[in-house]
Every structure is written in C-alpha cells, then in structure tokens.
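# Pasted the sequence and its predicted model underneath.
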Amino acid sequence: MGIPHLTHSLSPFGDKVVLPQHPADHENAIIDGPSLAYHIFYVCLSRRTNAKNAFEATPTYQELGQAAINFLEQIEQYGLKMYVDHQGLFKVSG
C-alpha cells in the first residue's frame, strides 16, 4: 500500500517538528489518510504487550476508532484547525 520510496524521496524537502503548545496562525500540518491509519494501527498494536501472537495483537475496530478520535482531539487541542478532503469531492472554490 502506498507509493514505493515516497517517504525517502520527499524527506529532504520536509521538516520534522514538535508542535508547540500554541501554534501560530500561519502554521499548518498535513496528515494524509493512509499515514493516519498506519499511525493509529501501530499505536493500538503497541498497547497489546501481552499478546501471544499477531492475531491476539490485532486491535478491534472500536479500539482503532477511539484511538483515531483521541489523536484528532489532541491535534485540535494544539489549536490546529481540521480540514478533511474527501478525495477532492468537497473542495471549496475560492
């Protein structure tokens, strides 16, 4: 899934940052859907420390959904505004 070597190819053009407690109005963060899904999956997977195998470690849909909501709420607490682009279907023309 994803584009092979995309992260490696784009990393020289990006900046790794730690979000400040109160970001400036001009700061943006872009989180694409597949990256969010991977992040949430591995956050949930890391919590399954007592799992004996991969099947036991697999998080439920409820856990994944709640972890995603928690993550997005944390992003909002930093003061960042959300804009969800549904595959370009609902873009606002300006």
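Okay, I see it.

# Look through the chain and tell me its longest helix.
Determined from DSSP state H, the single longest helix within the chain is helix 61-77.

# helix or strand for the spatially most central residue of the chain, which one?
For the chain, the residue nearest the mean C-alpha position is residue 36 (2.7 Å; CA atoms, centre = their mean). Here residue 36, judged by DSSP states H and E, is contained in helix 33-46.

# picking that back up, and the residue nearest to the centre of the chain, how far from residue 11?
Taking CB to CB, to the nearest Å as the measure, residue 36 falls 18 Å from residue 11. (Glycine included, C-beta is placed from N, CA and C.)

# shaky segments in the chain?
Scanning the chain for pLDDT under 70 picks out 1-2, 19-28, 85-94.

# so how far is stretch 66-82 off the chain centroid?
For stretch 66-82, the distance from its own C-alpha centre to the chain's C-alpha centre is 10 Å (CA atoms, centre = their mean, to the nearest Å).

# Identify each buried residue in that stretch, please.
Buried residues in stretch 66-82, counted by 16 or more other CB atoms under 10 Å: 67, 68, 72, 80.

# My guess is residue 36 contacts residue 64. True?
No - using CB atoms under 8 Å, residue 36 is not in contact with residue 64, being 10.7 Å away.

# which neighbours do those two share?
Between them, residue 36 and residue 64 share no contacting residue under CB atoms under 8 Å, 6 or more residues apart in numbering.

# Contacts only, for residue 39.
Residue 39 touches residue 71, counting by CB under 8 Å, 6+ apart.

# measure it to residue 33 for me?
Counting by CB to CB - residue 39 and residue 33 are separated by 11 Å.

# for the longest helix of the chain, packing partners?
Applying 3 or more CB pairs under 8 Å, 6 or more residues apart in numbering; DSSP states H and E, one finds that helix 61-77 contacts helix 33-46.

# Let me know the next secondary structure element after the helix it packs on.
As assigned by DSSP H and E, the chain's next helix or strand after helix 33-46 is helix 54-57.

# Would you agree residue 29 is in contact with residue 72?
No - applying CB under 8 Å, one finds residue 29 not in contact with residue 72, separated by 11.4 Å.

# Please give me every residue in contact with the residue nearest to the centre of the chain.
By CB under 8 Å, 6+ apart, the residues touching residue 36 are 68, 71.
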